[in-house]
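**Student:** give me coordinates for this.
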Amino acid sequence: MTKITTIIFDLGGVILNLDQDRTLRAFNRLGADLDSINAMSTVFADFETGKINADDFRQAMITHLKGTATAKEIDAAWNAMLLDLPIERLTYLKFLRKNFNVHLLSNTNSIHIDAFNKYLNEEHPKLDWFGLFDKVYYSYEIGLRKPNKDIYEFVLHDNNLQPHECLFIDDMKANLNGAGSVGMHTIWAKNPLDENMLMEIKSLVADFTASMN
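**Tutor:** Sure, this is the predicted structure:
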């Protein structure tokens, strides 16, 4: 069995329910093909690494749409992918934190986080979000982005962690490969955090009881 002291979670698709196709469809309705924009522009990567701010991003998208959409419509389309956070996942996180150091590492941006914080305030008003984790890392705040090695190395150095004692969980294989390249253990989240994932962690980790009963 493996000695794991720290679990590092992705956010969207692992803790928060996500449907990226909703955003693709919303922008298609506005007249924009996000895949094409991504192929010819760095706007999404720049936004996720904090090189541009929310207003810059909105203006870039409005320019791509030749002024046919408003900033409010851009935000609504961009946030369409964000769904819900079932309360049982909060219970799982609290349970895991009794056994491990727990960090969050997300490729994200200020518009999504503003919308997510608004959702938390409305749907989980008593929740201390940052209290669920030892540390929270948002790509746009630290200027680094998965799957590049430097973002994982940043988290390791910031917490004085040994990579072989860390477990990284993400729903994207490229991000798992990035974590694996620095020596972390990984689990592919084919589904968001649930009892099955707890059992998968148990199968990897020594001296961990997965049952919360």
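
**Student:** correct me, but Val14 touches Ala189?
**Tutor:** Yes. Counting by CB atoms under 8 Å, Val14 does reach Ala189; the two are 4.6 Å apart. C-beta here means a position set from N, CA and C on the backbone, and glycine is covered the same way.

**Student:** so what sits against both of the two?
**Tutor:** Ile169, Asp170, Asp171 (CB atoms under 8 Å, 6 or more residues apart in numbering).

**Student:** ranges for the strands of this structure?
**Tutor:** 6-9, 101-106, 135-138, 166-170, 185-188 (DSSP state E).

**Student:** go through these and name the closest to Asp158.
**Tutor:** Nearest to Asp158, of all those, is strand 135-138, at 7.3 Å by CB to CB.

**Student:** that closest one pairs with which strands?
**Tutor:** Sheet pairing of strand 135-138 (DSSP bridges) gives strand 101-106 (parallel).

**Student:** now the strand it pairs with against strand 166-170, angle please.
**Tutor:** Orientation of strand 101-106 against strand 166-170 (axes from the mean of the first three to the mean of the last three CA atoms, to 10 degrees) gives an angle of 40 degrees.

**Student:** only C-alpha atoms, please: export strand 101-106 in PDB.
**Tutor:** Provided in PDB are the C-alpha atoms of strand 101-106 (Å, rounded to 0.1, in the frame of the first residue of the first chain):
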ATOM      1  CA  ASN A 101      -4.200  17.200   4.000                       C
ATOM      2  CA  VAL A 102      -6.600  18.300   1.300                       C
ATOM      3  CA  HIS A 103      -5.900  20.900  -1.400                       C
ATOM      4  CA  LEU A 104      -7.800  22.300  -4.300                       C
ATOM      5  CA  LEU A 105      -6.100  23.000  -7.700                       C
ATOM      6  CA  SER A 106      -8.300  24.300 -10.500                       C
END
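
**Student:** that older thread, distance to Asn177 and mean neighbour count for the strands of the chain - can I get that in TSV?
**Tutor:** Shown next, in TSV, are the strands of the chain (distance: least, CB to CB, whole Å; neighbours: other CB atoms under 10 Å):
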stretch	distance to Asn177	mean neighbour count
strand 6-9	15	24
strand 101-106	15	22
strand 135-138	18	17
strand 166-170	10	24
strand 185-188	8	17
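
**Student:** need these in JSON lines with mean pLDDT and distance to Pro125, can you?
**Tutor:** Below are these laid out as JSON lines (pLDDT from 0 to 100; distance: least, CB to CB, whole Å):
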{"stretch": "strand 6-9", "mean pLDDT": "98", "distance to Pro125": "22"}
{"stretch": "strand 101-106", "mean pLDDT": "98", "distance to Pro125": "20"}
{"stretch": "strand 135-138", "mean pLDDT": "98", "distance to Pro125": "19"}
{"stretch": "strand 166-170", "mean pLDDT": "98", "distance to Pro125": "27"}
{"stretch": "strand 185-188", "mean pLDDT": "97", "distance to Pro125": "31"}
